[in-house]
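*Asks:* Need the 3D shape of this:
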Amino acid sequence: MKLASNRVLLVTARILHVAVALVFILAATMKALDPQSFIEQIATYGIFPDLSWLAAWVLIIVEFMLSFALIVNFWPRVTPLLMSALLLFFIGITAYGMSIGLGENCGCFGNLVHRGPETVIIEDAVMLLAMLFALLVYWHKPVPGQNWRAVVTVAGGVLAVLLVAFSARIPADDLITQLRPGAQFSTWPIDGLYGTDLNSGTHVVFLFTVHSDDLQRDVNRMNSIAQHPAAVGPVGLVIDGTQHLTSLMFEYAAAFPIGAIEPRFARPLYRTLPRVFILHNGAVTHTWSELPDAADVVSAIQSISKETQRK
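*Replies:* Below is the predicted model of the structure:
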């Protein structure tokens, strides 16, 4: 008896197709919108690190194309097999990461979600079983009209290329990073910042790197914001370690206290630097993905003050 003749099994297989595809589309989108982070995560595995950029592009494109193919049921024998092979690859690379001590984040969903490798392997194994089940159901089921399905599959690859190529122009920082309104600062440990409690009161915080090509210009612009009479509690957070704090204060004349946040905690907070955000009692209220005008920062601070007074 052919499994495809059972309508319940057939519908279940299609639901599994779409469910797995949606998971992969979400994961691939998060990676496509922050390709540099994905490249860095691939490089940590130490396998041809100079080709990490190529691996990132290929994986994102493949994930999109296979997901679109699953949704439209393109090549119902081949596509689940290819997706199963991809899942086996991810399980293997995750296990390899565990063996070399990379247990903090798989990079599957960019910086949106962090899970341990054991969780990732279990999730991938479940999706692998779903693909194998769908493959068995559709093995003897002819699916006509493959031409338009092929077009949709290719369109998925084109969409992936466009997302990666234009990711920097898409205002998605609050969506794909952990630095967004409502986030709690207490989860981001810092060093070298003494006498300032960022979990109390209102603070304008600058997140930046000393490796910026325009560091002096950035510091000067941050100074102009920090020195505004209404810019309360200005603080800088550098992602490069405490060894740079003295030079930033004296060589670059930073007019605000500066602390250091560990790279592993800082990386999920940005796509590009500098970023500026406002903390009110330890919670993020406003974010900017580039250095804002002082007037915009002051307006945000005033809105916080008015909201506090109403409460």
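*Asks:* From His140, how far off is Ala2?
*Replies:* For the record, residue 2 is Lys, not Ala. 5 Å (C-beta to C-beta, to the nearest Å). To be clear about C-beta, it is placed using only N, CA and C from the backbone, and glycine gets the same treatment.
*Asks:* next one: Val120
*Replies:* 33 Å.
*Asks:* Got the phi and psi for Asn199?
*Replies:* phi -90, psi 10 (degrees, to the nearest 10).
*Asks:* Count residues in the vicinity of it, would you?
*Replies:* Per other C-beta atoms under 10 Å, the neighbour tally for Asn199 reads 12.
*Asks:* Ramachandran angles for Arg180?
*Replies:* Per degrees, to the nearest 10, the backbone of Arg180 is at phi -150, psi 160.
*Asks:* Next up, the contacts around the residue nearest to Ala254 when sequence neighbours are not counted.
*Replies:* Of all residues not flanking Ala254 in the chain, Leu248 sits nearest, at 4.9 Å (C-beta to C-beta, 6 or more residues apart in numbering). Listed by C-beta atoms under 8 Å, 6 or more residues apart in numbering, the contact partners of Leu248 are Val210, Val219, Gly236, Val238, Ala254, Ile258.
*Asks:* ok, now Ala160?
*Replies:* Ala28, Ala32, Ile60, Ile61, Glu63, Phe64, Met65.
*Asks:* The closest residue to Leu163 other than its chain neighbours and Ala266: what is the separation?
*Replies:* Setting aside the residues directly before and after it, Leu163 is nearest to Ala32 in space (C-beta to C-beta, 6+ apart), at 3.8 Å. In this view, Ala32 and Ala266 are 22 Å apart by C-beta to C-beta.
*Asks:* buried ones in stretch 21-39?
*Replies:* 21, 23-35, 37-39 (16 or more other C-beta atoms under 10 Å).
*Asks:* Next step: these restricted to helices.
*Replies:* If you go by DSSP state H, the buried residues of stretch 21-39 have 21, 23-33, 35, 37-39 in helices.
*Asks:* quick check, nearest of the contacts of Ala160 to Gln309?
*Replies:* Using C-beta to C-beta, Ala32 is the member of those that sits closest to Gln309, with 42.6 Å.
*Asks:* still on that earlier bit, out of the contacts of Ala160, which is nearest to Asp214?
*Replies:* Checking these one by one against Asp214 (C-beta to C-beta), the nearest turns out to be Ala32, at 26.8 Å.
*Asks:* pLDDT at that closest one, what is it?
*Replies:* pLDDT recorded at Ala32 is 96.
*Asks:* wait, isn't it in contact with Phe166?
*Replies:* No - contact criterion C-beta atoms under 8 Å: Ala32 and Phe166 do not qualify, at 9.7 Å.
*Asks:* chain center to the helix or strand of the chain with the lowest mean pLDDT, what's the gap?
*Replies:* One helix or strand of the chain scores below all others by mean pLDDT, DSSP states H and E: helix 263-266, with a mean of 85. In terms of C-alpha atoms, centre = their mean, to the nearest Å, the centre of helix 263-266 is set 13 Å apart from its chain centre.
*Asks:* List the contacts of it.
*Replies:* Residues contacting helix 263-266 (C-beta under 8 Å, 6+ apart): Glu104, Thr187, Trp188, Pro189, Leu207, Leu237, Ile239, Asp240.
*Asks:* Just the buried ones from those residues, in PyMOL syntax?
*Replies:* To isolate the buried ones among those in PyMOL, judged by 16+ other C-beta under 10 Å, type:
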select buried, resi 188+207+237+239+240
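*Asks:* which one of the contacts of helix 263-266 is nearest Leu179?
*Replies:* Leu207 (7.5 Å).
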